[in-house]
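Undergrad: Here is a sequence together with a model predicted from it:
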Amino acid sequence: MIRFSVLLRAACHLGWFALPLVLNAADLPTLWAERVKSVVAVEYVTETEVDRRPSTATGTVIDANGTIILPTGAIDPRTAMGQLKDFKIYLPGDAVGSKGEYLGQDAYTGWHFVRADAAVRGKLTPITAFAPKDAGREPALAEWVWGIGLRAKDEDFVPYIMQSHMALIQSLPQRTGIAQQDVAAPGLPVFNQDGTFVGLALASFGQSFLQFSRNNRGNPVLLVNVEESSAFTLAPEILPNLGRIPKHVSGRPLAWLGAYGLEPMDREVAKFLNLSAQSGAVVSEVLEGSPAEKAGLRNRDIVLSLDGKPLPQLKPDRVIVGYIEREIERRAPGDAVTLTVLRGTERVELKAVLGEEPKLIREAERKYFERIGVASREFVYGDAIERRVKAIESAGAIVHYVKPSSPAAIAGLRLEDWIKEIDGTEVKTFAAAVARLAEIEKDTVRPEFVMLVSRGGETAVLRVKLK
């Protein structure tokens, strides 16, 4: 019985029970040969303070200029742009690869954009070549869909096919299709029976299983397939946004409202306020100096509409937060947005002019000190939010990296410690921290120094022994 169930699961995954549909489809080998030219593997190196870490991701070609989009999770959002090096583009089955250029990330879609070298562009086919004639059409439930996966680098990124049937379509907040089994690698396209592009695969949804052993009766385990996915954003959400290629590698300009910690309106609260047919998002905090603060938005206001358009009713309720964030991100600094909020029992209309988002952690200046074994970075607005302090009164340096077994590590310094003092001298700016640490680094006869850091709201005094 166990062997049969394993074989049954494998057969479903490989699509054996869908073979009659495959045979009735258009010439699948021909469709495959054309569409596999729209996918690539992208390799890049993250250059840290002490090493170089290679990573790979799968991406889809979107235009004749060899522009490629990678999914949101392809690159760590905290990685500084200057740490990303040596992008290479691999065609399916390619063992060598060619040079690529990182163009940046678009905040609205979350995509990372990379451009292939001119030498290989003629071998690529943009996904737009397979776009649907009816741009708004969605696949029907139970419709057969298929997609592409790529093996790992040590297998030369050999492509393979996956297939399944549509099981569900939801707004999350983008229109998202979910198939019965995995249909494509994250970031790669999904097609219908005629070879028409119907969507782009997302990161896989986790699935819960019970793990049994001799010592327990079953522990819940969440498993995520990082190489394949059954979920994909539908083509009508993808195609209109392919032109959002960043103007700068940082992804700027970035629109900013400054309404922090949005939460979906509780259903019981909505019922009490006679808003059962209305979506809403509660503002936990209005950030200091933000466009939201200047517009008059307050903590605990309930946002009901944007530019006169009521917030859509989406399920699950938390999806409404993503909807609002995307509505802000698709705009530009200087754009005006009208918010209708419920304040107590009164509806208030506010007009906010979006600003430029403050410097992000990935954009912060950084400096590594080899002898001490620590890299510090600039204190940015996000650090003030995380530490619940006023940004206007905060500055200095944050511990970005601690080298294992280094003097800093042995002293107990930790990632994200906020450096407040060095040898009794207050650290008011990042430049001051760098200057003081550089002075200590060069002093080869100094046996130790003292750091005072803030950690989780508490203060720690650390003695760093250099000898």
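TA: Great, that's in hand. Numbers count the residues shown, from 1 in each chain.
Undergrad: Okay, helices next: where are they in the chain?
TA: Using DSSP state H, the helices found in the chain span residues 2-14, 19-24, 28-35, 118-121, 235-238, 267-272, 291-295, 319-329, 381-387, 407-411, 430-442.
Undergrad: From the recorded domain assignment, give the ranges for the chain.
TA: Per automatic domain parsing, the structural domains of the chain span 18-249, 255-356, 364-465.
Undergrad: Same list, those domains, but as TSV with mean pLDDT and mean neighbour count please.
TA: The way it works is simple: take the backbone N, C-alpha and C, and place the C-beta from them, glycine included. Listed next are the domains of the chain as TSV, based on pLDDT from 0 to 100; neighbours: other C-beta atoms under 10 Å:
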stretch	mean pLDDT	mean neighbour count
domain 18-249	93	18
domain 255-356	94	16
domain 364-465	94	17
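Undergrad: what pairs with H165 across the strands?
TA: Beta-bridge pairing of H165 under DSSP bridges involves W144.
Undergrad: Tell me who's in contact with it.
TA: A18, A142, E143, W144, V145, A179, Q180 (C-beta atoms under 8 Å, 6 or more residues apart in numbering).
Undergrad: Relative to A460, how far out is the residue nearest the centre of the chain?
TA: Centroid-nearest residue in the chain, with C-alpha atoms, centre = their mean: T72, separated by 3.7 Å. According to C-beta to C-beta, to the nearest Å, T72 and A460 sit 35 Å apart.
Undergrad: all strands for the stretch 51-200 of the chain, in order.
TA: 52-61, 67-70, 84-90, 98-105, 112-116, 144-150, 159-171, 175-179, 189-192, 197-201 (DSSP state E, counting those that start in this stretch).
Undergrad: Which among these is found nearest to G344?
TA: Nearest to G344 among the strands of the stretch 51-200 of the chain is strand 159-171 (30.2 Å), distances taken as C-beta to C-beta.
Undergrad: tell me the angle that closest one makes with strand 144-150.
TA: Calculated by axes from the mean of the first three to the mean of the last three C-alpha atoms, to 10 degrees, strand 159-171 forms an angle of 130 degrees with strand 144-150.
Undergrad: then strand 159-171 to CSV, C-alphas only?
TA: The C-alpha coordinates for strand 159-171 follow below in CSV (Å, rounded to 0.1, in the frame of the first residue of the first chain):
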residue,chain,number,x,y,z
PRO,A,159,14.8,22.1,-19.1
TYR,A,160,11.9,19.8,-18.2
ILE,A,161,8.2,20.0,-18.5
MET,A,162,5.5,20.0,-15.9
GLN,A,163,1.7,19.9,-16.3
SER,A,164,-1.5,20.0,-14.3
HIS,A,165,-5.0,21.4,-14.1
MET,A,166,-6.4,24.7,-12.8
ALA,A,167,-7.7,24.1,-9.3
LEU,A,168,-8.4,27.7,-8.0
ILE,A,169,-8.2,31.4,-8.9
GLN,A,170,-7.9,34.1,-6.3
SER,A,171,-7.0,37.7,-5.8
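Undergrad: Could you pull out the strands in the stretch 201-350 of the chain for me?
TA: According to DSSP E, counting those that start in this stretch, the strands that the stretch 201-350 of the chain contains are 207-211, 219-223, 231-234, 255-256, 259-260, 263-264, 281-282, 285-286, 302-306, 309-310, 336-343, 346-353.
Undergrad: Thanks a lot, see you next time.
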